[in-house]
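Trainee: Could you work out the structure for the sequence below:
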Amino acid sequence: MSRTTPSVTKRSTSQQVAKRAGVSRSTVSLILNNAPGMKFAERTRARVLQAALELGYVPDAAARTLASGRTGTVGLIVNHAEHLLVDAFIPQVLYSLIKVSRERGFRTLVETPEDVSQPDVYIELVRAKQIDGLVVINPRPHDEGLRQLNQEGFPLVTLGKLREAGGYKAPPNHSVSHRTGVREAVRHLINLGHRRIAHITFAPLGYGSSDRRLESYRRTLLMADLLADPALVRRGNHSAASGFAAMRSLLAERPYPTALFAGNDTIALGALAALHQRGLRIPEDMAVVGYDDIPTAAYTAPPLTTVRAPATEQGRLAGEMVLDLIEGRPVPNPRLLLDTELIVRDSCGARRAAYSGEKGHNV
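Mentor: Numbers count the residues shown, from 1 in each chain. So this is what the prediction gives:
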């Protein structure tokens, strides 16, 4: 009985690509691996790329790393895995970072550490030579692992700032102006006449950007000579479900608040659902303002007033920063603070008040 040997498609080689393009093997390797500091005529580069495409040539990953000294991979750390499931903001950042990385010839490796309190989470990726650079979303303010990598000169960018102390200089980073965005949102509610304004954070205590939004909420109320009542603050945990539960808890207060500033739009979605379940009208019984301006915010019932934080811009800038560091280019603005914008829709009642000629209290 004869045995049929399965056919195996033979892989193309760099020598075949070189022959078709009319160049040397080393030229093929340098062009396909984006070797740093090497320049070739565009016609030569185009011939090599076309030959590789026609032959279906894919460089071996290990060989590519040896040839260029790079993996061609950018690491992205999302410190809380649940973000990817419940927070619509993070996927927008991820999308634009992947896009800019791909345009510049890099892949993106996404990691969601189980225990971000251990600095080895970041160190292991670097020591294993799996990535050329690292982007971290919402780092812990005192993260020794990131500090160590930064001091070693590893290409590192954070969305959110590491604390600078004792001569330590934080890596390139950018964030949105939490204080300005929150102040504008809360002032807007005060100007509409609200005095009992509640807040649901989008994360537990100790989460940097969430804590900064809470502090700005309190500060804005105090500056308007209003009580920052602890009884009107609840802690969310990234999900709409936590916003739903927090709003139900707030509705047990007597009197309950007349307005809510939600720590982000995902929390606001849950709060809106809780209000609808109780048969309360929005904004007549309670005004609601969110934060982020996720794509679904314009399509809630009613459409959500929110603070626009440029998620896709943050992802793009983070990608450009870390790729510039990898390629040895100067980063023009290593400390960027992006502007926010209040987007007024129907959930706060401002449009209705303007239409009816009602006046609030200006602060």
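
Trainee: Show me this structure divided up by domain.
Mentor: Here the chain is described, according to automatic domain parsing, as comprising the domains 14-68, 73-175+311-336, 178-310+342-356.

Trainee: Tabulate those domains (JSON lines), appending mean neighbour count.
Mentor: (Each C-beta comes from the backbone N, C-alpha and C, glycine too.) Output for the domains of the chain, formatted as JSON lines (neighbours: other CB atoms under 10 Å):
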{"stretch": "domain 14-68", "mean neighbour count": "16"}
{"stretch": "domain 73-175+311-336", "mean neighbour count": "18"}
{"stretch": "domain 178-310+342-356", "mean neighbour count": "20"}
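
Trainee: Residue ranges in the protein under the pLDDT threshold?
Mentor: Under the criterion pLDDT under 70, the flagged ranges of the chain are 1-10, 34-38, 59-69, 81-83, 114-121, 165-168, 350-363.

Trainee: Let me see the ranges of the helices in it.
Mentor: With DSSP state H, the ranges of helices along the chain come out as 14-21, 25-32, 42-55, 61-68, 83-86, 89-103, 120-127, 144-151, 178-191, 208-223, 240-250, 265-277, 311-326, 350-356.

Trainee: now the angle between helix 25-32 and the third one, please.
Mentor: Spelled out, that is helix 42-55. Here helix 42-55 runs at an angle of 90 degrees relative to helix 25-32 (axes from the mean of the first three to the mean of the last three CA atoms, to 10 degrees).

Trainee: what separates helix 42-55 from the chain centre, distance-wise?
Mentor: On the basis of CA atoms, centre = their mean, to the nearest Å, helix 42-55 sits 36 Å off its chain's mean C-alpha point.

Trainee: Residues in contact with it: which ones?
Mentor: Residues from elsewhere that reach helix 42-55 (CB atoms under 8 Å, 6 or more residues apart in numbering): 12, 16-17, 20-23, 27-28, 31-32, 57.

Trainee: could those residues go into TSV alongside distance to V157?
Mentor: Written out in TSV, the entries for those read as follows (distance: CB to CB, whole Å):
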residue	distance to V157
S12	36
Q16	39
V17	34
R20	39
A21	36
G22	40
V23	35
T27	32
V28	32
I31	27
L32	26
Y57	32
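
Trainee: What is the nearest of those residues to M286?
Mentor: Of all these, M286 sits closest to L32, with 59.1 Å by CB to CB.

Trainee: Against F40, how distant is that closest one?
Mentor: 11 Å (CB to CB, to the nearest Å).

Trainee: swap in V78?
Mentor: For V78, the distance to F40 under the criterion CB to CB works out to 37 Å.

Trainee: next one: D346
Mentor: Counting by CB to CB, the separation of D346 from F40 is 57 Å.

Trainee: for R183, same thing?
Mentor: R183 is 52 Å from F40, where distance means CB to CB.

Trainee: Equivalent analysis for A301, please.
Mentor: Applying CB to CB, one obtains 57 Å for the distance of A301 from F40.

Trainee: Same question for I131.
Mentor: In this view, I131 and F40 are 26 Å apart by CB to CB.

Trainee: likewise E144?
Mentor: Summarising the geometry, the distance separating E144 from F40, computed by CB to CB, is 42 Å.

Trainee: can you check T305 too?
Mentor: 53 Å.

Trainee: repeat for R104
Mentor: In this structure, R104 and F40 are separated by 17 Å, where distance is defined by CB to CB.

Trainee: thought G319 was touching R102?
Mentor: No. The pair G319 / R102 is not scored as a contact, 9.4 Å apart, by CB atoms under 8 Å.
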